[in-house]
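**Q** generate a structure from the sequence data that follows.
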Amino acid sequence: PPMAYISVRPERYSYGMLKKTGEFVINLTTEALVHATDYCGVTSGRDRDKWKDTGLTPGRASVVNVPVIMESPVHIECRVTDCIALGSHHMFLAEVAAVHVAEEYLDQSGAFHLEQAGPMVYSHGTYFGLGDALGTFGYSVRKKQKKKEKTGKQLRFKKKVRINSLLRDRIQKKYPVKIV
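**A** Next up, the predicted model:
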């Protein structure tokens, strides 16, 4: 099954909730949510109502019994399968129970475009936007194609693209992503 993990210090307020419920949601964050993301990371829910303070909207998850952040473009609902002590943090290993994506980032073919949501990352105390695409899978070894009229190889490529979309549909049926 698809798996995910988060690491939490035992003294954190959320640690007790994780141990009690055995559930959590990973809400992907964006550049538009950077202030709320930072605030939630540096304040404790033991002392503050983060929902009220940030203006974020709690939503109902479809499988787990913890809220999702409605402003987030992706919610990954998780059920804890193991908790491993790793020094200052404990790693909560979890099975992914459901994934939800914001419909506004889907194109007509159903492909999800996370880059349009303005995703951000945190690295060593600094938040970064992801910026422009740097390359696609395999670009470093791909041979440059010369411009010509359509050849048999190019026509086979179109057929391969169609086969890949059929494969994507089969994967979608096996691991459904709910669109919210």
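**Q** got the contact list for the nearest residue to Pro67 once chain neighbours are set aside?
**A** Nearest residue to Pro67, sequence neighbours excluded (Cβ to Cβ, 6 or more residues apart in numbering): Pro58, at 3.9 Å. Any C-beta I mention is one placed from the backbone N, CA and C, and that applies to glycine too. Counting by Cβ atoms under 8 Å, 6 or more residues apart in numbering, Pro58 touches Trp51, Pro67, Val68, Ile69, Met70.
**Q** give the bridge partners for Pro58, please.
**A** On the basis of DSSP bridges, Pro58 is bridged to Ile69.
**Q** separation between it and Ala111?
**A** 29 Å (Cβ to Cβ, to the nearest Å).
**Q** picking up where we left off before, narrow the contacts of Pro58 to just the buried residues.
**A** Among the contacts of Pro58, those classed as buried by 16 or more other Cβ atoms under 10 Å are Pro67, Val68, Ile69.
**Q** will you turn the residues you listed into TSV that also has distance to Leu106 and pLDDT?
**A** Listed next are the buried ones among the contacts of Pro58 as TSV, based on distance: Cβ to Cβ, whole Å; pLDDT from 0 to 100:
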residue	distance to Leu106	pLDDT
Pro67	23	97
Val68	18	98
Ile69	19	98
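**Q** so can I have JSON lines of these showing distance to Leu130?
**A** What follows is those, written out as JSON lines (distance: Cβ to Cβ, whole Å):
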{"residue": "Pro67", "distance to Leu130": "26"}
{"residue": "Val68", "distance to Leu130": "22"}
{"residue": "Ile69", "distance to Leu130": "19"}
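**Q** just the closest of these to His100, please.
**A** Using Cβ to Cβ, Val68 comes nearest to His100 of the buried ones among the contacts of Pro58, at 7.1 Å.
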